[in-house]
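Colleague: Based on what follows, work out the 3D shape:
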Amino acid sequence: MLFRSLVSTHKRGSSGFPQKRMLQIGSVKECSKNADKGSNVWKLCANLAKIYRKYVNNMMHGKKVVAIIPARFASTRFPGKPLVDLGGKTMIQRTYERVKAVEGFDRIVIATDDQRIFDAGVAFGAEVMMTAETHLTGTDRCAEVLSRLGETVDYVVNIQGDEPFIEPEQLREVAGGFSSGAPILTLIKKITDTETLFNTNTPKVIRDEEGHALYFSRQTIPFLRGVEPADWLNKHTFFKHIGLYAYRADILPGLSALKPTSLELAESLEQLRWIQNGIRIKAIETQFETIGIDSPEDLEKIQKMGLI
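Modeller: Below is the predicted model:
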């Protein structure tokens, strides 16, 4: 039963692994956490985790994959946050080290428009590229880096510079979707509390039967007619969006060239520009929580949680 819950029976591809995700690495970790260390269940979970990592590494092997970390100094809510100290290391260094923990990236580039971030990145050994100050989105910054790399790339993974606690496994999960051929890949997570469910700062997402995003909204979607809001989580599974993207490199210049759309402007969500232009986004479920830092208040919460 445990094995069945961890290994799906989706149609298998030529690699011998299901075309949809064979394993959810979060489920594997969760089962090992709840099992007695050294038990047969624990060993099974550990072995499945190794299989999954090998599968993801195979997905990335033979593909040119570049990780780009956009990092701006200017911020309305938290100016200079990439350089804020988190337990002796800057936020941008912690984010970079999380990304570096994943095997398979051919290059990891910090893309910034500020000399202070540039200098800090060089100091801890990162490849850093100075980009234009006029970029409005991280996608635009990624597109500029891609245009200047001077080499053929298959996929670009965009990791925001304010995600110092991103799990390396989440990067493996999104890389596991490369085999789908989707133009854009991203992550979503099941919502488990009402505060998140009704928080307009947390984008929600609904998907079609094949896992492609139909819509993103700051409002709670879908609306449950005839159900008291306090009971919504008991009647439906809701998902929030995690702002990690992987793009097929061949479409990235075109994404950057698109003009803002009415839905994007209404919700202030860049991904709606792509959906409104008919570009499909594969939304992969993760079991891992992410803790981004968007404001000084977020930093205080993390300090109180003892994470730094």
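Colleague: and the residue positioned nearest the centre of the chain, what is it in contact with?
Modeller: The residue lying closest to the centre of the chain (C-alpha atoms, centre = their mean) is L244, at 2.4 Å. Contacts for L244 (C-beta atoms under 8 Å, 6 or more residues apart in numbering) come out as 157-160, 163, 166, 170-171, 174, 186-187, 290. Backbone N, C-alpha and C define where each C-beta goes, glycine included.
Colleague: Spit out the contact partners of E289.
Modeller: Here E289 is in contact with K189 (C-beta under 8 Å, 6+ apart).
Colleague: E167 versus that one, what's the distance?
Modeller: The gap separating E289 from E167 is 8 Å, by C-beta to C-beta, to the nearest Å.
Colleague: What of G88?
Modeller: Look at G88 and E167: by C-beta to C-beta, they are 21 Å apart.
Colleague: Neighbour count for these two, which is higher?
Modeller: E167 (20 against 8; other C-beta atoms under 10 Å).
Colleague: Could I get the contacting residues of the more buried one?
Modeller: E167 sits in contact with 98, 288, 290, where contact means C-beta under 8 Å, 6+ apart.
Colleague: so which of those residues would you say is closest to P70?
Modeller: Nearest to P70 among the contacts of E167, counting by C-beta to C-beta, is R98 at 15.0 Å.
Colleague: Neighbours of the closest one, how many?
Modeller: R98 has 19 nearby residues by other C-beta under 10 Å.
Colleague: what does E97 give?
Modeller: Other residues close to E97 by other C-beta under 10 Å number 14.
Colleague: ok, longest strand in this protein?
Modeller: Across the chain, the longest stretch assigned as strand under DSSP state E is strand 239-248.
Colleague: got the contact list for S262?
Modeller: Neighbour list for S262: Q276 [criterion: C-beta under 8 Å, 6+ apart].
Colleague: What's the separation between it and H241?
Modeller: 20 Å.
Colleague: So which residues of the stretch 201-308 of the chain form helices?
Modeller: Assigned helices in the stretch 201-308 of the chain, in chain order: 232-235, 252-257, 262-267, 271-276, 296-305 (criterion: DSSP state H, counting those that start in this stretch).
Colleague: And the stretch 51-200 of the chain, by the same measure?
Modeller: Secondary structure of the stretch 51-200 of the chain by DSSP H, counting those that start in this stretch: the helices cover 91-100, 115-123, 138-148, 168-175, 194-197.
Colleague: ok so, going back, nearest to F78, of the helices of the stretch 201-308 of the chain?
Modeller: helix 296-305 (5.9 Å).
Colleague: just the angle between that closest one and helix 91-100, please?
Modeller: For helix 296-305 against helix 91-100, the angle by axes from the mean of the first three to the mean of the last three C-alpha atoms, to 10 degrees is 70 degrees.
Colleague: tell me which residues in helix 296-305 are buried?
Modeller: Neighbour-count burial for helix 296-305, with 16 or more other C-beta atoms under 10 Å as criterion, is recorded at 298-299, 302.
Colleague: cool, stretch 218-236 as well?
Modeller: 220-221, 232-233.
Colleague: For those, which two are the farthest from each other?
Modeller: That would be I221 and L233, which, of the buried residues of stretch 218-236, are the farthest apart (C-beta to C-beta) at 13.8 Å.
Colleague: Run a quick check on F178 versus A246, I expect a contact.
Modeller: Yes. F178 is within contact range of A246, at 7.3 Å (criterion: C-beta atoms under 8 Å).
Colleague: overlap in contacts of these two?
Modeller: 155, 185.
Colleague: Which of the two has more residues huddled nearby?
Modeller: A246 (25 against 20).
Colleague: residues near the closest residue to the more buried one other than its chain neighbours, how many?
Modeller: Counting by C-beta to C-beta, 6 or more residues apart in numbering, L185 is the residue found nearest to A246 once chain neighbours are left out, at 4.2 Å. When neighbours are defined as other C-beta under 10 Å, L185 has 23 of them.
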